[in-house]
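Chemist: Could you work out the structure for the sequence below:
(chains A and B, ligands or ions: 1)
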Amino acid sequence: MYNFSYQKVSSVADAVDAIKKADDGKFVAGGQTMLPTMKHRLASPSDVIDLGGIDELKGISVDGDTVTIGAMTTHAEVAASSDVQGTIPALANLAGNIGDPAVRNRGTIGGSIANNDPAADYPAAVIGLGATIKTNKREISGDEFFTGMFETALEDDEVITAVLFPKAEASAYMKFENPASRYAIVGVFVAKSGDIVKVGVTGATACAHRGLRLEKALNGNFAAEAVDEVEIPVEKMNSDIHASAEYRAHLVKVMTKRAVEACS
Amino acid sequence: MAENGVGASVRRKEDHRFLTGKGSYTDDLNVVGQTHAYFVRSPHAHATINNINTSAALAADGVVAVLTGDDLAADGIGPLICGVSVTSDDGEPHRAPVHSALAQGKVNYVGDHVAVVIAETLTEAKDAAEKVEVDYGILPAVTDTATAADDGQEQIHEVAPNNQCFNWPFGDKAAVDAAFESAHKVSSLDLVNNRMVTNPMEPRAAVGEYNSGTEEITLHLTTQNPHVHRLVMSAFNQLAPEHKLRVVGPDVGGGFGVKIFVYSEELVVGWACRKVNRPVKWTSDRTEAFLADAHGRDHVAHAEMAMDENGTFVAMRVNTTANLGAYLSTFATMVPSYLYAFLLAGQYSTPLIYSEVKAVFTNTAPVDAARGAGRPEATFLLERLVDVCAEDMGLDPAEIRRRNFIPVDAFPYQTPVVQCYDSGDYNAALDKALALADYEGFAGRAEEAKSRGKYRGIGISSYVEACGIAPSAAVGQLGAGVGLWESAQVRFNPTGNVQVFTGTHSHGQGHETTFAQLVTEQLGVPIENIEVIHGDTSKTQFGMGTYGSRSLAVGGVAIAKACEKLIEKGKKIAAHALEAAVGDIEFSDGNFTVAGTDKTMNIAEVAFNAYVPHSYPEGLEPGFDENAFFDPMNFSFPAGTHICEVEVDPDTGVVEIVKYSAVDDFGKLINPMIVEGQVHGGIVHGVGQALLEGCQYDSDGQLITASYMDYAMPRADNVPSFDVDYAPTNPPHNPLGVKGCGEAGAIGAPPAVINAISNALGIKHIDMPATPENVWRAAQTATS
Ligand SMILES: Cc1cc2nc3c(=O)[nH]c(=O)nc-3n(C[C@H](O)[C@H](O)[C@H](O)COP(=O)(O)OP(=O)(O)OC[C@H]3O[C@@H](n4cnc5c(N)ncnc54)[C@H](O)[C@@H]3O)c2cc1C
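Modeler: So this is what the prediction gives:
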């Protein structure tokens, strides 16, 4: 780790102020992604601005059909929240299976989404549930937020304040874990409300995306068999030592089917 | 049996300090005036070093010294050695390239040691290391085991043409070839034994201190064998004479073989602390551990078995290429030779075996012993081949094993590959394992699984290993540079408590408990009054350390012998005090008694008399403190049958181990709880190899599995609860009747798992690690 200056701020406005003044500043939330990168000397921000003291970023609330989760809410808090369990149990389960207890007790939803790791879990839920990301500047839909591998629509001085999840009638997340890291090799979040089916896919491609072909097949017939006929474009899939593109394309279908089965 | 003696599952004495955070590991040690070392490592797999410019680094904040291979050579520090010689088929000894602790003119793997920066803080050392300018001339890299010795490959070392370290034939080739000619059936198999990174929880570390007054170096190291480190560093590296070098292996957080060897970093820290006349500390980070710890396994082999019409094995032929990495680590040559080919008979009476092992250099980290060392490779090959034989002959895998087992009345049994097995009852272990695994009921379980869309398979592995390393004369004949006896000292203090000094080292095995149990059994001293001391060359007289499941089978016997000497001496002291003839004194349960009387004296009183010899036998030395050395007459041969049952999800290729049964013959168990723990750990290690762990380099020689993000270690949810039982036989060569248990699981498990997967899918073979994708692909063509 290289030297840096550290500031803990107590409001979003102060955070934005601090990052504007910094040479090459970075927000830190749970630090679960950022600190390992800094320890390996792969990142060297001049200033680290800690969002941990900002009360307005914390907490979970339910308002009508919307569950609002503050950006600084940890994975463990989401997993244990009776509000989330009661409204979108699949989201609580997803959070409860991220990393290990240490990661879950530090890592945050805001950090996970801002980081946009291609193998992260939350992005599948954000897309699958059609969530909205709220920042200090605007509201961004999930579909527009994730723009590429580790890239998002966020500007440098933009802070995620909360994620707004609409409630779904039924939803499920199926994750095929990387045997080493236990991130998602493929993760599929399926949500159904009325006749509308949404599918969020993570792990498979450069960043989480909507499974439009899968949605189309499922919209007419919400059953696992409906997925059989869908063609997943192999050339768009990631390929690494853990899973080839062909295998990932296959897993997208298997995980989707299992998620559909779990919804009913 | 004494309370807490042999056979009791005594809770581990050492756990109190470990569980309360009071363990003291090398990195816990901080010395006044300490500096920190950080190594500049090669980012290239193969390159010449045209120039190293250290001036900017030397000028950086906090830097005490920047040292390179030239400095090392100028100080006369010798290269690292490999201690076992293997004769190649040209009659010459194996090729041994110079292995300098800091590179001289060339680097040969990613992570190779180029220079060391010593600074006031670790951060300053790292900052300065980035300022060391190295001008590399990048060369093509050789990384693939199978093709490393092919014509036209880049040559890594001048002394090793074709990148070959040795080509070592063993056995009567003509006789074996003839048997194959006339065989009823030949089964064959190509297989890979996957390369592993050992990954003990505690990474390696070293703290060196030099006392300019006494001219003594004290090195605290993560070592499994402090005296071996001292011996090698003194005799071969000229670090310091043995009497001026103290090596301490304090608490060590797991070894699994990787901490046997003498590494560059350790030698450099020992040398540098004198050179800069300040204590020097180095602790490996996890990335460095992946890059520069010795790796394990990495074989490519072709195996064939010739059979008669009954499925009796008449001859076996094996061709193996073993990757030794860029340089020879301390015992590298021994692993794919004597520890491998001499185990190829397994549990079978195959009369003729021919093996050829070609060891090659590549631009990868050095490869050396890792839990099992050679024996897992032999067992995987043989036990997979036996299943292929069974399939080819239409026999049940259990039946073909039974037909070929060495019968119980044939012991001692001379194999065609040097080893003479002293005891075993292979049918007993197989039968017990089949019952434990409910082998009979498997077909029904497979049916039921099929109804859920799962493929269920069962796999048997009947292994034998050579432990209790080792009879010195035998290993000397083979080319080992050391004797492999063990030593012990058992010392009573005047107040009656006992200190047991052993030359073995405990880094998770629980010796502090097991050895105390031996002593309480023999001397009748309560276990809480016995302390086992190990890991410091200034405390224990000598020792060869812990590996090869030798600590109890060799080191334990030395302790028992020292206890016997104490009893003999104690009889004289008691006879004098009790006014009886020495011949009339009997010893049991800690008491010396005049036979047939109630005149008795506890061993603690005897010890007191020995230190306060006011009324004492004439001519007898005072003191109650005895040494013993033990050199075993033979290896010990733990054996057993492991049965693994898996369920394969054909949609994803995920393999779940649903049942695992292990029946082992370890001889007598001193602490059954500790033994079972060792069995569990060993099996998990083996399951890791079979399903998860695959170390991979790319063709440029970059290690692409250099972190836990990509290198999969086994975790608790990868394994079921194990069913463990024993089928002991008594090894006549071992005075304690023990065989060793630490490596068995890692040896027995891999073929059991792969046999089960092959059975589930109805395929001939699948390489390790059987990753979900590979299993899924195999399942596409499966016949189940
Ligand atoms: C061992 C391990 C296992 C893991 N396993 C999984 C897994 O299975 N699945 C999974 O999805 N993830 C996994 N993770 C990642 C984990 O979920 C991280 O917590 C998450 O990716 C980052 O969250 P954080 O709060 O720690 O963010 P940090 O590391 O603090 O920050 C990450 C990035 O987000 C930015 N950022 C943080 N908060 C905000 C905000 N409010 N507004 C704008 N930018 C912000 C930071 O500037 C930084 O660039 C794992 C991590 C570890 C260490």
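Chemist: thought B:Glu645 was touching B:Leu436?
Modeler: No - with contacts counted by Cβ atoms under 8 Å, B:Glu645 stays clear of B:Leu436, the gap being 11.2 Å. Using the backbone N, CA and C atoms, a C-beta is placed for each residue, glycine as well.
Chemist: the more surrounded of these two?
Modeler: B:Glu645 (27 against 18; other Cβ atoms under 10 Å in any protein chain shown).
Chemist: State whether that one is indeed within a helix.
Modeler: No - under DSSP: H, G, I helix; E, B strand; the rest coil, B:Glu645 sits outside any helix and is assigned strand.
Chemist: so how far is chain A from it?
Modeler: As judged by Cβ to the nearest Cβ, to the nearest Å, B:Glu645 and chain A stand 20 Å apart.
Chemist: same thing with B:Val232?
Modeler: In terms of Cβ to the nearest Cβ, B:Val232 sits 33 Å off from chain A.
Chemist: Do a quick rundown of the strands in chain A.
Modeler: Using DSSP state E, the strands of chain A run over residues A:5-8, A:25-28, A:47-50, A:60-63, A:66-70, A:132-135, A:139-141, A:146-148, A:151-152, A:160-166, A:170-177, A:184-193, A:196-202, A:209-210.
Chemist: Contact partners for A:Glu261?
Modeler: Residues near A:Glu261 by Cβ atoms under 8 Å, 6 or more residues apart in numbering or on different chains: A:Ala224.
Chemist: Looking at chain A, which residue is nearest chain B?
Modeler: A:Ala180 (3.7 Å; Cβ to the nearest Cβ).
Chemist: which of the strands of chain A is buried the deepest?
Modeler: For those, the largest average neighbour count (mean count of other Cβ atoms under 10 Å in any protein chain shown) is found in strand A:184-193, namely a mean of 28.
Chemist: Dump the strands of chain A into a markdown table; add mean pLDDT and distance to the ligand as well.
Modeler: Supplementary listing: these in a markdown table, determined by pLDDT from 0 to 100; distance: least, Cβ to the nearest ligand atom, whole Å:
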| stretch | mean pLDDT | distance to the ligand |
| --- | --- | --- |
| strand A:5-8 | 96 | 13 |
| strand A:25-28 | 97 | 4 |
| strand A:47-50 | 98 | 8 |
| strand A:60-63 | 97 | 15 |
| strand A:66-70 | 98 | 9 |
| strand A:132-135 | 98 | 7 |
| strand A:139-141 | 97 | 12 |
| strand A:146-148 | 96 | 13 |
| strand A:151-152 | 96 | 8 |
| strand A:160-166 | 98 | 4 |
| strand A:170-177 | 98 | 7 |
| strand A:184-193 | 97 | 7 |
| strand A:196-202 | 97 | 8 |
| strand A:209-210 | 97 | 16 |
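Chemist: now the ones you listed as JSON lines including distance to B:Ala429?
Modeler: Formatted as JSON lines, the strands of chain A follow (distance: least, Cβ to Cβ, whole Å):
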{"stretch": "strand A:5-8", "distance to B:Ala429": "61"}
{"stretch": "strand A:25-28", "distance to B:Ala429": "57"}
{"stretch": "strand A:47-50", "distance to B:Ala429": "59"}
{"stretch": "strand A:60-63", "distance to B:Ala429": "57"}
{"stretch": "strand A:66-70", "distance to B:Ala429": "57"}
{"stretch": "strand A:132-135", "distance to B:Ala429": "61"}
{"stretch": "strand A:139-141", "distance to B:Ala429": "64"}
{"stretch": "strand A:146-148", "distance to B:Ala429": "56"}
{"stretch": "strand A:151-152", "distance to B:Ala429": "58"}
{"stretch": "strand A:160-166", "distance to B:Ala429": "57"}
{"stretch": "strand A:170-177", "distance to B:Ala429": "36"}
{"stretch": "strand A:184-193", "distance to B:Ala429": "39"}
{"stretch": "strand A:196-202", "distance to B:Ala429": "48"}
{"stretch": "strand A:209-210", "distance to B:Ala429": "54"}
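Chemist: Now do B:Ala332 against B:Tyr340, distance only.
Modeler: 12 Å (Cβ to Cβ, to the nearest Å).
Chemist: how about the helices of the stretch 1-150 of chain A, start to end?
Modeler: A:12-21, A:34-39, A:75-80, A:82-87, A:89-96, A:101-106, A:109-115, A:122-128, A:142-145 (DSSP state H, counting those that start in this stretch).
Chemist: Pretty sure the residue of chain A closest to chain B sits against B:Pro714.
Modeler: No - judged on Cβ under 8 Å, A:Ala180 makes no contact with B:Pro714 at a distance of 10.8 Å.
Chemist: Identify the contacts common to those two.
Modeler: B:Leu692.
Chemist: From the rest of the structure, what touches stretch B:616-628?
Modeler: Residues contacting stretch B:616-628 (Cβ under 8 Å, 6+ apart): B:487-492, B:541, B:558-559, B:561-566, B:569-570, B:572-573, B:575-576, B:606-607, B:609-611, B:613.
Chemist: I misspoke; the intended subject was stretch A:94-101.
Modeler: A:32, A:75-76, A:78-80, A:84, A:104, A:107, A:109, A:112, A:121-122, A:124-125, A:173, A:175, A:182, A:189.
Chemist: Please name the residues that touch the one residue in chain B that gets nearest to chain A.
Modeler: In chain B, the residue that lies nearest chain A is B:Ala712 (3.7 Å; Cβ to the nearest Cβ). Contact partners of B:Ala712, counting by Cβ under 8 Å, 6+ apart, are A:178-180, B:688, B:692-694, B:769.
Chemist: same question, B:Glu154
Modeler: When contacts are taken as Cβ under 8 Å, 6+ apart, B:Glu154 is in contact with B:46, B:139-142.
Chemist: longest helix in the chain, by residue count?
Modeler: Reading this off chain A. helix A:245-263 (DSSP state H).
Chemist: meant chain B, my bad for not saying
Modeler: Chain B, longest helix under DSSP H: helix B:557-577.
Chemist: Give the pairing partners of whatever helix or strand comes next after that one; include direction for each.
Modeler: In the C-terminal direction, the helix or strand that comes right after helix B:557-577 (DSSP states H and E) is strand B:585-588. Paired neighbours of strand B:585-588 in the sheet (DSSP bridges): strand B:591-594 (antiparallel).
Chemist: Look up which helix or strand B:Val525 falls in, please.
Modeler: Using DSSP H and E, no helix or strand contains B:Val525.
Chemist: pretty sure it contacts B:Thr495?
Modeler: No - the criterion here is Cβ under 8 Å, and B:Val525 misses it with B:Thr495 at 11.5 Å.
Chemist: More neighbours: which of those two?
Modeler: B:Val525 (24 against 10).
Chemist: tally of neighbours for the closest residue to the more buried one other than its chain neighbours?
Modeler: Take B:Val525 and drop its neighbours on the chain: the residue closest to it by Cβ to Cβ, 6 or more residues apart in numbering or on different chains is B:Val498, 5.3 Å away. Each residue near B:Val498 was counted by other Cβ under 10 Å, and the total is 26.
Chemist: Assess the claim that B:Val498 and B:Ile530 are in contact.
Modeler: Yes - in this structure, B:Val498 is within contact of B:Ile530 by Cβ under 8 Å, at 4.7 Å.
Chemist: Need the overlap of contacts for those two.
Modeler: What both B:Val498 and B:Ile530 touch, as defined by Cβ under 8 Å, 6+ apart, is the set B:Val519.
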